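Participant: Give me a model of this one.
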Amino acid sequence: MDLINTIIGIPLGYLLWVCYTIFSDYGIAIIVFTLLTKIITFPISLMVQKNSVKMIKMKPKLEALRFRYSEDKDKYYDEQAKLYKAEKYSPMAGVWPLLIQIPIILGLINVVYNPLTHLIRISKDTIALLISKAEIFAAEGLGSAPQLKILEMIQNSEFVSQFNGAGIEESISSIQSVKTDFLGIDMAAVPQIGTINILFLVPVLAGISALLLCYVQNKINVLQLEQGKMNQWGMSIFMIAFSVYFSFIVPAAVGIYWIAGNLLSIAVMYLVNIIYNPKKHIDYEELSKIKEELLKEAEEKHKYKARAKSDYKRFCKANIEGIDVIFYSEKSGFYKYFSNTIDSLLTRSDSLIIHYVTSDPEDAIFQKNNSRIVSYFVDQPRLIALMMKVEASVVVMTTPDLEKYYIKRSKIRKDVEYIYMDHACVSLNLTYRTGAFDYFDTMFVTSQTQADEIRAMEIQRNKPKKRIVYTGYGLIDNMIADYQAMPKTESKEKTVLIAPSWQEDNILDSCLDNIIESLWGKGYKLIVRPHPQYIKRFPVQMKEIINKYEDRLGENFQIQTDFSSNSTVYTANLIISDWSCIAFEYAFTTNKPTLLVNTKMKIINPDYEKIDIEPVDIGLRNIVGKTIEKEETANIYEIVKELMDSQADYEEHIEKYKNEYFFNLGKSGDVGAKYILDRVKK
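Facilitator: Numbering: from 1, shown residues only. A predicted model of the protein is given here:
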């Protein structure tokens, strides 16, 4: 308390003394004092307003980061910090008003409890003498506020005669001249909950002023506007209750300060909104779309809650009765990786029932009219429990990181065989987290490179050997079959498909302008086909791209956002990509070359170089086409023309390589199904 008195109380005491000297009224002095503190701290209020606007302005980018790094929280926080630094946003700025308010209130309480020191400016020696004399006559003691007690005693002319001859008549005269009331309210008195008098008005008015402040905040404050109604009024109720409670435990002078502070804060809010208007800096239309998407997600989750519960119970019943094989899919698009194996299982066995668990309520599996495929939609909270209860012989999934996150191995049956089926034809070492496959029993691999990586990772991490099944890649088998079945028609106009990944520094974010400007009007039909995850996770950037090229959209320039068909991929004469798997899938399906831009490499496992095997993502790039640096995209026309002219040379080369690279080309489903049936029988 001495520290507060010295550092905070004395300066505030001088300020309040000046106000009192000018107005000779304690209440008015408190109100003017409050106004002065608001003026002094106004630059901080304006700084907080600007900082809050930055926060809301960044919201679309933060949502994009949340989606991009949804499974890597450390990376998310790193990127969030970088964004804050780039935008010059301070997470602590919003705390400054509170940090300033607390010492002001503590200092003001000190001033109110020590009026002889701060308001009347009586010397320490005189105050000590007054206290010592008063203690003799105050049988009940002076409590924790002796200066207030003396003020009360002398104002009521009690014991004044006892001080005659003590040389302090002048001080007593000064004390008697002080007006400690304001509109009939004793500013030194503390309101009592059980006593209804004029003092009781202070807590009531404190609550009303807090209500007004919260109402205005919910209407115009840049941060409060983004809160839901429940959050807005939840905080409002707390603030109102706190204001009332606070005014019951401090002298009325502090309560008056609190009331004046609440009302003046309303004026400050309007003023900072005029000086730095959020509407001039924030794209509220885009924010509205994000809110709609989030609301839609919440409604979707609620909509399917009953169904998830019902399907979970249905699965539990089947699980007890006996299940042989489970396929788990994260979303609808993953069925294409299982389809060959499932079709072959159904053909090879007349009795096997396949239980297909998906986290997507709109999964295409529910449209399959096959009595031997039993499908379940199970949301994530229930999926955790479901997976730990599994009693099947075999579980097949494309989801890595088993046992690390929400998908755990069965806690009921220890000999369940977990099979990982890859959903790409690339490196298992570079593009997955360290230890992503540690808890699988069996790996279905597409190539010898993947098999070698598995063995090398087992040695590096000192893990037991898994079973490796040389299946091949079902998606490539299907794409080749679909492509060969298509009627081949030569188009006069050559089509260039720009199909980037959605990772950091992808083509759309780094060099799309160069590519478009170099190829525009050169006789090519240009199609930009963003990755589905880019559209979902970066709506702001996607909107900017569409708006930028809106005047060029037409027959010769398209931006495709419908991914229901692969016809665009099949019919393109050339694909330009970065680190997307679509480049390899296109080349191996059509035997046509690709042009790959060396944007920032997609590295999920930062320790990938500890294994001395070149990731196929790197090695394949110059086999299936040509690579260029981002700077070269400004002159990409000549490179595109060269690749178009040499397509015949690439065709034989790519055909030969893919037959050497993939296991069991065209037969991957049969190999996988045979293995699963053998394991179920055993």
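
Participant: Just to be sure, E614 is in a helix?
Facilitator: No - membership of E614 in a helix is not supported by DSSP: H, G, I helix; E, B strand; the rest coil, which gives coil.

Participant: And the helices in the stretch 351-500 of the chain?
Facilitator: 380-389, 448-460, 474-485 (DSSP state H, counting those that start in this stretch).

Participant: helices and strands of this protein: which one bottoms out on pLDDT?
Facilitator: helix 2-4 (a mean of 52; mean pLDDT, DSSP states H and E).

Participant: Break down the stretch 201-350 of the chain into its strands, ranges please.
Facilitator: 325-329 (DSSP state E, counting those that start in this stretch).

Participant: Report the next helix or strand after the least confident helix or strand of the chain in sequence order.
Facilitator: helix 10-23 (DSSP states H and E).

Participant: Tell me where the model's unsure across the stretch 351-500 of the chain.
Facilitator: Within the stretch 351-500 of the chain, the stretches with pLDDT under 70 are 490-491.

Participant: try 90 this time
Facilitator: The model of the stretch 351-500 of the chain has pLDDT under 90 over residues 362, 364, 368-369, 379-381, 404-406, 423-426, 431, 433, 485-494.

Participant: okay, now the domains of the protein?
Facilitator: Domains of the chain are assigned by automatic domain parsing as 2-119+178-275, 304-473+669-681, 491-661.

Participant: So which of these is nearest K289?
Facilitator: Minimum separation from K289 across the domains of the chain (Cβ to Cβ) falls at domain 491-661, 6.5 Å. (C-beta placed from N, C-alpha, C; glycine too.)

Participant: picking up where we left off before, could you dump the domains of the chain to TSV with mean neighbour count and distance to M479?
Facilitator: Converted to TSV, the domains of the chain look like this (neighbours: other Cβ atoms under 10 Å; distance: least, Cβ to Cβ, whole Å):
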stretch	mean neighbour count	distance to M479
domain 2-119+178-275	17	27
domain 304-473+669-681	18	9
domain 491-661	17	4
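
Participant: in which helix or strand would I find the closest residue in space to F182 that isn't next to it in sequence?
Facilitator: Distance criterion Cβ to Cβ, 6 or more residues apart in numbering; nearest residue to F182, sequence neighbours excluded, is G27 at 2.5 Å. In the assignment (DSSP H and E), G27 maps to helix 26-40.

Participant: close enough to count as contact, L352 and I326?
Facilitator: No - if you go by Cβ atoms under 8 Å, L352 and I326 don't touch, sitting 12.0 Å apart.

Participant: Restrict stretch 296-307 to CA atoms and write it as CSV.
Facilitator: Output of stretch 296-307 as CSV, limited to C-alpha atoms (Å, rounded to 0.1, in the frame of the first residue of the first chain):
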residue,chain,number,x,y,z
LYS,A,296,-23.4,-23.8,-41.7
GLU,A,297,-20.7,-26.1,-40.3
ALA,A,298,-22.3,-25.9,-36.8
GLU,A,299,-25.8,-26.5,-38.2
GLU,A,300,-24.5,-29.5,-40.3
LYS,A,301,-22.9,-31.0,-37.2
HIS,A,302,-26.2,-30.6,-35.2
LYS,A,303,-28.3,-31.8,-38.1
TYR,A,304,-26.5,-35.1,-38.3
LYS,A,305,-26.0,-35.6,-34.5
ALA,A,306,-29.0,-38.0,-34.1
ARG,A,307,-27.9,-40.0,-37.2
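
Participant: Let's have the domains of the chain in CSV, adding distance to K296.
Facilitator: Output for the domains of the chain, formatted as CSV (distance: least, Cβ to Cβ, whole Å):
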stretch, distance to K296
domain 2-119+178-275, 14
domain 304-473+669-681, 13
domain 491-661, 12
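
Participant: So which of those domains is nearest I480?
Facilitator: Across those, closest to I480 is domain 491-661 (Cβ to Cβ), at 5.5 Å.

Participant: Report the distance from the closest one to the chain centre.
Facilitator: 29 Å (Cα atoms, centre = their mean, to the nearest Å).

Participant: for stretch 85-96, same thing?
Facilitator: 17 Å.

Participant: what's the spacing between E87 and K548?
Facilitator: As judged by Cβ to Cβ, to the nearest Å, E87 and K548 stand 22 Å apart.

Participant: ugh, wrong one, K600
Facilitator: 22 Å.

Participant: With G625 instead?
Facilitator: Plainly put, G625 is 27 Å away from K548 if you go by Cβ to Cβ.

Participant: Kindly report the same for P11.
Facilitator: 56 Å.
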